[in-house]
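Undergrad: model the following, please.
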Amino acid sequence: MISIELIIGSFAVLWASIDPIGTLPVFLAATKGRPRSDKIQIAKLASICAFFILLTFLLLGSVVLKYVGVPLSAFQVSGGIVLFIFALSMIFGDSKPEEEIGLIKNTNEIAIFPLAIPSIAGPGAILSVMLLSDGSRHSIIGQAIVVLILAMILLINYLVMYYSGPVHEKIGNSGEVVISKVMGLILASIAANSVLVGIKAYFNL
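TA: The predicted model follows:
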């Protein structure tokens with residue numbers, strides 16, 4: 001049986017780590033001066049690439065951990081700590097837009113870099129999907145729900161890029177930074193919970 005907690009929790013984790021609004025200024029800077037048709041094609045390719053990258057980690061994450069002999073509880077603790085540091089960088093350091101705009105050097109393959117990686121499928125998103133790939137806690141149906149949620153958030157991410165002009169006019173640069181900071185705070189809470197759950201599972205508390 002699929003719980004509402006799983007759906008809401010998975011959505012919150014993936015939304016905070018992917019941060020569709022944070023991708024917007026990166027997309028605008030990377031596609032500046034390009035025709036509308038090129039922008040749509042870049043947005044589509046970046047979303048598709050990011051989906052398959054994250055899907056690979058979602059489906060194979062727990063398998064890789066078992067192969068190297070690392071229990072999921074240990075990964076939850078370590079992944080939670082890294083995710084927490086990532087969240088702190090969103091809150092106190094350069095926001096996602098400010099940091100990743102600086103990575104743009106040329107526009108030949110901008111759909112892959114820096115849009116698909118690391119703006120959409122960044123370290124935080126990869127760690128998040130691996131934490132959600134625990135087959136011992138979630139049934140096949142449960143994991144299918146997570147995949148659907150991932151696809152839905154990436155669809156929203158695509159629509160944000162598709163309508164990048166009007167969205168940017170509505171929220172402005174300051175709005176994007178504020179949203180990124182709030183997403184970082186949510187992600188920090190999720191990361192702390194992951195550490196606590198991992199400790200509880202490891203020591204059978």
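
Undergrad: pull the contacting residues for Trp15.
TA: By CB atoms under 8 Å, 6 or more residues apart in numbering, the contact set of Trp15 is 153, 183. Bear in mind the C-beta positions are built from the backbone N, C-alpha and C, glycine included.

Undergrad: how much space between it and Met161?
TA: In this view, Trp15 and Met161 are 16 Å apart by CB to CB, to the nearest Å.

Undergrad: again, but for Leu155
TA: For Leu155, the distance to Met161 - CB to CB - is 11 Å.

Undergrad: anything in contact with each of the two?
TA: By the contact definition CB under 8 Å, 6+ apart, Leu155 and Met161 are jointly contacted by Ser47.

Undergrad: neighbour-wise, which of these two wins?
TA: Using other CB atoms under 10 Å as the criterion, Leu155 and Met161 rank with Met161 on top: 26 against 13.

Undergrad: could you check how far Gly184 is from Gln41?
TA: Distance from Gly184 to Gln41, by CB to CB: 31 Å.

Undergrad: so if I had to pick from those two, which one is more boxed in?
TA: A count of neighbours by other CB under 10 Å puts Gly184 above the other of Gly184 and Gln41, at 24 against 14.

Undergrad: looking at this structure, which helix or strand is least sure?
TA: The helix or strand of the chain with the poorest confidence is helix 96-101; it has a mean of 56 (mean pLDDT, DSSP states H and E).

Undergrad: how many neighbouring residues does Leu69 have?
TA: Wrong residue type there; residue 69 is Gly, not Leu. Applying other CB under 10 Å, we find 7 residues neighbouring Gly69.

Undergrad: three-state assignment of it?
TA: Classification of Gly69 using DSSP: H, G, I helix; E, B strand; the rest coil returns coil.

Undergrad: low-confidence stretches in the protein?
TA: Counting by pLDDT under 70, the ranges of the chain that qualify are 1-2, 93-108, 134-138.

Undergrad: show me the strands in it, by range?
TA: With strands called from DSSP state E, the chain shows none.

Undergrad: residue contacts, Ile7?
TA: 145, 149.

Undergrad: for Leu115, see how far away it is.
TA: Using CB to CB, one obtains 27 Å as the distance from Ile7 to Leu115.

Undergrad: same question, Ala125
TA: Going from Ala125 to Leu115 by CB to CB gives 13 Å.

Undergrad: need the overlap of contacts for those two.
TA: Common contacts of Ala125 and Leu115, defined by CB under 8 Å, 6+ apart, comprise Ala50.

Undergrad: quick one: list the elements packing against the longest helix that the chain contains.
TA: What stands out as the longest helix in the chain, according to DSSP state H, is helix 164-202. Counting contacts by 3 or more CB pairs under 8 Å, 6 or more residues apart in numbering; DSSP states H and E, helix 164-202 packs against helix 4-18, helix 20-30, helix 72-92, helix 96-101, helix 123-131.
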